[in-house]
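J.: Here you go, sequence then predicted model.
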Amino acid sequence: MRHLVLLGGGYGNMRILHRLLPNSLPEDVHITLVDRVPYHCLKTEYYALAAGTISDHHIRVPFPEHPRLTYLFGEVVHIDLDKQSVQLKDGSNISYDDLVIGLGCEDKYHGVPGADMFTHSIQSIEKARAAYEALNNLPPGAVVGIVGAGLSGVELASELAESRPDLHIKLFDRGERILPMFPKRLSDYVESWFAEHDIEIVRCSNVTKVEEHTLYNHDQPIHCDVIVWTAGIQPNRVVRELPVEKDKQGRIILTKQHHIPEYENVYVVGDCASLPHSPSAQLAEAQAEQIVHVLQKRWNGEEPPSEFPPIKLKGVLGSLGKKHGFGLVADRPITGRVPRLLKSGVLWMYKYHNGY
Ligand SMILES: Cc1cc2nc3c(=O)[nH]c(=O)nc-3n(C[C@H](O)[C@H](O)[C@H](O)COP(=O)(O)OP(=O)(O)OC[C@H]3O[C@@H](n4cnc5c(N)ncnc54)[C@H](O)[C@@H]3O)c2cc1C
């Protein structure tokens, strides 16, 4: 039997499973999926989990079942590319013929002292749960500092403002305007929604240090009862430690067939892969489609395509609480209830297609 090992059951590897199962997996291939969590987690909804507006159960999707698919639930700590072996925290090793690394990303703290110790995170389900507990146990009038006004920071701030209107939310961002990656019209719309919901934007901020309940902006202390970090991401530590070529963000540089140049049997999917777009769930899924194509060709003893057409993304949708949203669809900015409905529809479709 040929052994395909999938590290991480996130958006990338879930798409690989769903394309291979039930009928496209060759008889002589067995899959093992390794994750620390025994279900697929909808990471795009972690802001709502942390804010307390959805339940934990709402964002878990069962992994598919198949006679030639095994699950191992544990923590991956090391990959030995030369020995073709993956080491888990309990000391066990798994050997592979083909490997797809889809371990996602973690927070990047940009060297800010104390940020890793004294801020909460929404980058893993365990950390989003801890953020939920901290935020929802706050007394009325408490101050919440959110660092970083990209998509996750904005979605968390707005969801929390609806969930706990009694809290005082401060959103710290380096820029003059929030959501700098979007057209100004969208930033203006979101900023006016924030003004209506008493979310304070602290512009041109520079968080220089974090201590327990204190965030230093340009070295000035600001009291915050809870601080959440949404100011940057980097690939998973296991990937950062691999001795292979990476881009400036620490993502692994791949061939056009999505494998590591020196290791034709090792593919990288999603947030850990160096790709021509910013990391996203839809990018991970689109890349996964191409990886499945390469795997199937190679398993058949055929040459995979020398390159694929560029991945086209459908757009970006962001939420402002449960009723309003914003987005870029076919490069056109949209605001109000329609993008929010679209976002809910995308989530519903995703869960439906994944057997929820
Ligand atoms: C709040 C928020 C909102 C977002 N909104 C959107 C959105 O609207 N649209 C969009 O396209 N993208 C969005 N994203 C980004 C999107 O979630 C990621 O790009 C996507 O999850 C990446 O998929 P992946 O397959 O690379 O990894 P992930 O989906 O992150 O999966 C990684 C898996 O690896 C497992 N894992 C990690 N480390 C280990 C280990 N050491 N051992 C064992 N298992 C491990 C994890 O448990 C997880 O199951 C959002 C992200 C956040 C945080």
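T.: Everything's here; your move.

J.: what's the neighbour count on residue 165?
T.: By other CB atoms under 10 Å, 11 other residues sit near residue 165. C-beta coordinates here come from the backbone N, C-alpha and C atoms, glycine included.

J.: Name the residues that touch stretch 18-27?
T.: Residues from elsewhere that reach stretch 18-27 (CB atoms under 8 Å, 6 or more residues apart in numbering): 2, 31, 64, 66, 68-69, 288-289, 292, 295-296, 299-300, 353-354.

J.: Any of these buried? List them.
T.: Buried by 16 or more other CB atoms under 10 Å: 31, 64, 68-69, 288, 292, 295-296, 299, 354, out of these.

J.: and the least confident of the residues you listed?
T.: Within these, the minimum per-residue pLDDT falls on residue 354 (86).

J.: Domain boundaries for this structure, per the record?
T.: According to the TED database, the chain comprises the domains 2-36+74-106+234-300, 109-231.

J.: can the longest one be found next to the ligand?
T.: Yes: using CB under 6 Å from any ligand atom, domain 2-36+74-106+234-300 reaches the ligand at 8-12, 34-36, 75-76, 102-104, 236, 238, 269-271, 279-282, 284.

J.: go on, stretch 51-66?
T.: No: using CB under 6 Å from any ligand atom, no contact is recorded between stretch 51-66 and the ligand, whose separation bottoms out at 9.9 Å.

J.: closest point of the stretch 201-350 of the chain to the ligand, which residue?
T.: Nearest residue of the stretch 201-350 of the chain to the ligand (CB to the nearest ligand atom) works out as residue 270 at 2.1 Å.

J.: residues in contact with that residue?
T.: By CB under 8 Å, 6+ apart, residue 270 lies in contact with 8, 10-13, 102, 104, 279, 283-284, 287-288.

J.: Distance of it relative to residue 306?
T.: Distance of residue 270 to residue 306, given as CB to CB, to the nearest Å: 23 Å.

J.: Taking the centroid of the protein, which residue is nearest it?
T.: residue 43 (5.6 Å; CA atoms, centre = their mean).

J.: give me phi/psi at it?
T.: Torsion angles at residue 43 (phi, psi; degrees, to the nearest 10) stand at phi -60, psi -30.

J.: Same question for the one 5 residues further on.
T.: Here the main-chain torsion angles of residue 48 (degrees, to the nearest 10) amount to phi -80, psi -30.

J.: correct me, but it touches residue 158?
T.: No: applying CB atoms under 8 Å, one finds residue 48 not in contact with residue 158, separated by 10.2 Å.

J.: Look up how far residue 297 lies from residue 308.
T.: Residue 308 is 12 Å from residue 297, by CB to CB.

J.: Please disregard the earlier target; I meant residue 26.
T.: Taken as CB to CB, the span from residue 26 to residue 297 is 12 Å.

J.: list the contacts for residue 295?
T.: Applying CB under 8 Å, 6+ apart, we find residue 295 in contact with 4, 16, 20, 98, 267.

J.: hang on, the earlier thing: can you check what pLDDT the model gives the residue of the stretch 201-350 of the chain closest to the ligand?
T.: Predicted confidence (pLDDT) for residue 270: 98.
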